[in-house]
Structure formats: structure tokens, C-alpha cells
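> quick one: sequence and predicted model below, then my questions.
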Amino acid sequence: MEATMTMTLTMSLASLKPKPIRPKSPYLPQTLNSSRIFKSLSLPNPSVGVGAPTLVDQFDPTIPIEQAVTPPSSWYTDPCFYAQELHSVFYRGWQAVGYTEQIKNAGDFFTGRLGNVEFVVCRDENGKLQSFHNVCRHHASILAYGSGRKSCFVCPYHGWTYGLDGALLKATRITGIQNFNKHEFGLTPVKAATWGPFVLANMEPEVDSDIEIVESKWLGTSSDILSTNAVDSSLTFVCRREYMIECNWKVFCDNYLDGGYHVPYAHKDLASGLNLNGYSTTVYEKVSIQMCEGGSTEKKDDYDRLGSKALYAFIYPNFMINRYGPWMDTNLVIPLGPRKCQVIFDYFLEASVKDDRDYIERSLNESEKVQMEDIVLCEGVQRGLESPAYNIGRYAPTVENAMYHFHRLLHESLRE
């Protein structure tokens, strides 16, 4: 009898063990509850025996690229390491969070999330850029959702109301409350700034938001070349597309930074429009710029998406600016857990073709094809990183120096 009870108890406990998370199709449904998945994947794993500081030192940034090995797979899979990245990489320094067209007029706002930080960016009634933690000071409800235009922020939970400058305007049903000063219960500010058409935020409480200082910290000496060759504030916003990808955020960045290495194998249609033999990469303080001449193939019609030169700029840690032909698109990679990220694409276009619907649709379809191909690659890499067969890899020195630069910057941030 005792043996039978023991066996039954063992089987019952075994049935309670969580099932392993299996990779999903790259064609993810739009109704996926990303917030629930974020919470489940971001919980600390007490069974992890190696702490994040130890994992950091498993990559040596002082070894030349010709001799260096890549960061270990644990950088892409370990929950403790992911938590350290949020605090050391994303909660420090300036981060791209949106574009100025979203807050063009007084009352305009948009919301976002970076790790566990919920934020809202807006223009107040005087046209001043404002940014706050998007959390009500009463009982921590999220205050605003999505984007749009408001004259104030009203908490959907208990109706506490805040001005666009963050001041608490009304606290409902607080008769009898003691030791309460509403001037001390405004929204908690987040530093914000703009550079060109981009909105930036910094989660550090004490930081200078002077534009020249922001430009220097964010772009360093690359600011001139980006201003001249890539970023054009006069371009018209066309659309936004969002992708949920079953991979660590760095997998997507690595794929972007391989110097076109994967393009002829994974993007054959894209490769036909580029002269990959002329591909070049230049690294700056926290930026790397890849450039490539357009292909020489004759066009069967007047359609040309890529133009004569393409420029791909990566701004550490998670923002890309792509300039080709009349287009500029940006990619913002948002970490959602050790093995999940969201990538937001915003598309901008020159005025000469902004009304050509056929051209826009054809261009966006071609871009979508490339993104689907990259999703398959990135999700496949994540599965490989989780395999016991892989720990470290090597760099192709002539093409993957931007990726190596990215890994060295990560190591520096994590050691600070």
C-alpha cells in the first residue's frame, strides 16, 4: 500500500512539471497575448547555477576578431543574464522609442514598454515634449494605452487625473486622507529628447537632455554621416509593421550585423538588386554603418526600390536605420524575454513617390518577404542556441566586424 501511494504521489508531482516551451511558426497570430508571455518568460530561474556576472566574462572582447570566439549560447538563453541586460543596457543611456510625427501637435501621445518600464511620451498644451512612467501613483494601474490625442490622462481604474505635464489634477474620493500632498503625487518623469525625426528616452533619473549632449552620447562621431546620408526629417511617414519573433533580441541584431553574409543564401531576390562585392562596414563609438552599391541588373520597368546605394546603420543597442532609394525604414528591437522579442518597422518615403500607391505596395511587399525570411532564420538560430550541441562559434573576420563590435559594446555595458 505504501509503495503504491508513493508511486501515485511521484506521478502526480511529475505531471505538475512545466512543459518545455516549443518554438512557434514564424507566422505568428496577431492576437497573441504578448504581455502574458513576457511575464512568464521573464521570471527568474532559481535553477540557474551560473550568475550573470560570470556569464559576462565568458566572452573576451580583447581578443582580435581573427582569433575571437562569439559569446556563449547562455547570453541568448539564460534568464539571469537577460535580467542583467535590462538593467545594464536598456535602463541606461539614450534609447530610440518613437518618431516625432507621433507627437507633432499638442495633446499627441504614444506609449511603449522597455523591459519592465512602461512609459508615455506626449506634447503638453504648450508644445513641450514630456515623458513619464505610464503608471498611476494611486494603485499602479497602467494609465494610457496605444497612441492618440488627449487633454489629460485619466486613470481607468479609479479616475485619478493627470495633466500632460505630469501634475496630479484630481484624486477622486479621498475624503479623510491624511498627510497627502497632491503636488508630491505627479507622474514620475522620464527624460526625453528628439534627434532628427526620432524620439529618444533615457530611464536614468539624473541625465542631461541637452540636444548636443544627447547627440554625442547616442551617435558619437557618426552623427555627421547619418545626418548627410541617411536621416531626412522631411520624409513622409507611410506605415508601421510589427513582428513578434521567437528569439532573443540579440539574435535579430546579430543577423542584421553580419555584413550581408547571409543575403545571397537567404534573400536571393534582395541579393539580385545589390552589388555585394562592394559591401563595406565602418564602426564608430556606438554605431556601425554598412554600405552597399545597388545592383547593375537592368530593370524591366521603371520600378526601383533599392536605388544606387543602400546604407544600413545600427545604433547600439537595438535601433537600425536603413536608407535605400527613396525609402528610409527603421527597426526597433524590443526585448520581451530570453527567447522572445518584438521588432517594429516604421517606413518613411520621399515626397516624389509618396502618392504612388502601386509603387508603395510593391515595395512593402518586397520588404515583407525579406522580413519573413529573416524571421525563419532568427527562430532557427534560437533553437540552435538552445541545443546542447552548441556553445560558442567563430567570426568571419572580413564581414562580421559590426557584429563583433556589438558584442564588445555589450560586454562593456554589462561590466559597468
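Happy to help now that I have it.

> hang on, D258 packs against Y404?
No - contact status for D258 versus Y404: not in contact, 10.3 Å apart, counting by C-beta atoms under 8 Å. In this view, the C-beta of every residue, glycine as well, is placed from N, C-alpha and C.

> who has more neighbours out of these two?
Between D258 and Y404, counted using other C-beta atoms under 10 Å, Y404 has the larger neighbour count: 21 against 18.

> please tell me how far the closest residue to E125 other than its chain neighbours sits from G98.
Closest residue to E125 apart from its sequence neighbours, by C-beta to C-beta, 6 or more residues apart in numbering: A106 at 5.3 Å. Counting by C-beta to C-beta, to the nearest Å, the gap between A106 and G98 amounts to 17 Å.

> ok, R383 next?
Taking C-beta to C-beta, one finds R383 at 32 Å from G98.

> do T54 as well
Distance of T54 to G98, given as C-beta to C-beta: 36 Å.

> same question for V399.
V399 is 32 Å from G98, by C-beta to C-beta.

> looking at the two, which has the bigger crowd around it?
G98 (24 against 18).

> so which strand or helix has the more buried one?
strand 94-99 (DSSP states H and E).

> list the pairing partners of that strand within its sheet, with orientation.
strand 198-202 (antiparallel) (DSSP bridges).

> who touches the strand it pairs with?
92-100, 102-103, 114, 119, 121, 129, 131, 190-194, 209, 214, 218, 231, 330 (C-beta atoms under 8 Å, 6 or more residues apart in numbering).

> change it to 7 Å
93-100, 103, 119, 121, 131, 190-194, 214, 218 (C-beta atoms under 7 Å, 6 or more residues apart in numbering).

> list the buried residues for stretch 131-141?
S131, F132, H133, N134, V135, C136, R137, H138 (16 or more other C-beta atoms under 10 Å).

> please apply the same query to stretch 192-209.
Per 16+ other C-beta under 10 Å, stretch 192-209 contains these buried residues: 192-203, 207, 209.

> state the mean pLDDT of it.
Stretch 192-209 shows a mean pLDDT of 95.

> so the closest residue to A310 other than its chain neighbours bridges to which residues?
In space, not counting the residues next to it along the chain, A310 is nearest to Y324; the distance is 4.1 Å by C-beta to C-beta, 6+ apart. When bridges are called by DSSP bridges, Y324 pairs up with A310, W327.

> what number of residues lie near Y324?
Neighbourhood size, Y324 [other C-beta under 10 Å]: 23.

> help me confirm that it comes into contact with Y312.
No - judged on C-beta atoms under 7 Å, Y324 makes no contact with Y312 at a distance of 8.5 Å.

> and the gap between S209 and K217?
Distance of S209 to K217, given as C-beta to C-beta: 10 Å.

> actually, K250.
For K250, the distance to K217 (C-beta to C-beta) stands at 22 Å.

> those two: which is more packed in?
A side-by-side neighbour count of K250 and K217, using other C-beta under 10 Å, places K250 first with 25 against 17.

> ok, and what's touching the helix or strand containing that one?
Here K250, judged by DSSP H and E, is contained in helix 249-256. Applying C-beta under 7 Å, 6+ apart, the contact partners of helix 249-256 are 75-76, 245, 262, 314, 318, 320, 333, 335, 341, 343, 374, 377-378, 381-382, 403, 406.

> chain center to stretch 200-215: distance?
18 Å (C-alpha atoms, centre = their mean, to the nearest Å).

> straight-line length of it, end to end?
In terms of C-alpha to C-alpha, to the nearest Å, the two terminal residues of stretch 200-215 are separated by 10 Å.

> next one: stretch 166-178
22 Å.

> and what of stretch 173-184?
18 Å.

> now that stretch: how far from the chain's centre is it?
When distances are taken as C-alpha atoms, centre = their mean, stretch 173-184 is centred 39 Å away from the chain's centroid.

> any buried residues in it, and which?
For stretch 173-184, it's none, nothing buried (16+ other C-beta under 10 Å).

> can you give me the helices for the protein?
2-15, 34-42, 52-56, 79-85, 211-219, 223-229, 249-256, 263-266, 268-271, 357-385, 401-415 (DSSP state H).

> brilliant, that's me finished.
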